[in-house]
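S.K.: next input, structure requested:
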Amino acid sequence: MAEFSIHSFELTDKVVLITGGASGLGQYYTQAVSKVGADVFVVSYDRTGWEETRAAVEANGRKVVFLEQDITEPGAAKKIVDAAMSEFGRIDVLINNAGMQRRHELVDFPDEDWKAVIELNLNALYYLSHEVAKVMIEQRSGKIVNIGSMQSYRAGKFIFPYAASKHAVMGLTRAYADALAPYNVQVNGLAPGYINTPMTKALQEDPVRSVEIREHIPAGHWGEPHELMGAMVFLCSDASDYVTGVMLPVDGGYLLR
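M.R.: Okay, here's the model as predicted:
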């Protein structure tokens, strides 16, 4: 049995495939894994954030490769995995980060918004995990980290497909964890709480909701993006080898109340 050490948290020379890894919180996950030694294959819908992300990863002495690809397109999963394997020859970690949210009143919720959110947040995650699992089964090792949400646990009034998809991500995480455990592949999730990002700026500036949210968080403040990085590294590394099927909230205690 391998002895535990600080090196258990390292990803030296491992390959991480991440969707949406060049912008938003995904960029922080990309930086986190590169800081502990991983090379990164980033799949993006467009080229936003590529140069900034490249500079950050290369500053950590690691390699990053980008693929511009809509992951909801038919056949996208195989195209992505084939490209990553062609570039690196292995995939040690998959981070299913890409996602979207649409908000409407119940009676006004458009069918096209339901379909768009479910396609990206749930279906694309399933298909890419399915394709990557084939590689990891062959390798007899791997980690899959799915990005959940507070809406993996809570109702999410006005964001019906988002809440449905994030509940489903928790279920898929558990199902994949059970199926892949015999192959030394661990499947877990990370559920960010209320994090200070440009996407949440309007919510933070809302004089009523911002106070309600902050008072609901035992830590007393919104999280900063860097506060998710340690949990991500843990779930991607050997330190979490006996952890599988877990959705880990990083929320300052939000779910306690």
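
S.K.: which outside residues touch the top strand by length along the chain?
M.R.: Longest strand in the chain, counting residues (DSSP state E): strand 185-192. Contact with strand 185-192 is made by 25, 129, 133, 136-137, 141-150, 152-153, 169-170, 173, 176-177, 180, 223, 228, 231-232, 235, 240-241, 243-251, as judged by C-beta atoms under 8 Å, 6 or more residues apart in numbering. C-beta here means a position set from N, CA and C on the backbone, and glycine is covered the same way.

S.K.: now do stretch 176-188, average pLDDT.
M.R.: Stretch 176-188 carries an average pLDDT of 98.

S.K.: phi and psi next, for the residue located most distally from the centre of the chain.
M.R.: For the chain, the residue at maximal distance from the C-alpha centroid (C-alpha atoms, centre = their mean) is Val107, at 30.7 Å. Dihedral pair for Val107: phi -70, psi -20, per degrees, to the nearest 10.

S.K.: pretty sure Val169 is touching Leu120, no?
M.R.: No. Using C-beta atoms under 8 Å, Val169 is not in contact with Leu120; the gap is 11.5 Å.

S.K.: so the two - more neighbours on which side?
M.R.: Comparing Val169 with Leu120 by other C-beta atoms under 10 Å, the one with more neighbours is Val169, at 25 against 22.

S.K.: which ones are touching the more buried one?
M.R.: Counting by C-beta under 8 Å, 6+ apart, Val169 has contacts 96, 121-122, 125, 146-148, 152, 189.

S.K.: hang on, the earlier thing: pairing partners for the longest strand of the chain, with directions?
M.R.: strand 142-147 (parallel), strand 247-250 (parallel) (DSSP bridges).

S.K.: show me the one of those strands that comes nearest Val208.
M.R.: Nearest of the strands paired with strand 185-192 to Val208, taken as C-beta to C-beta: strand 247-250 at 24.2 Å.

S.K.: what residues of the closest one count as buried?
M.R.: 247-250 (16 or more other C-beta atoms under 10 Å).
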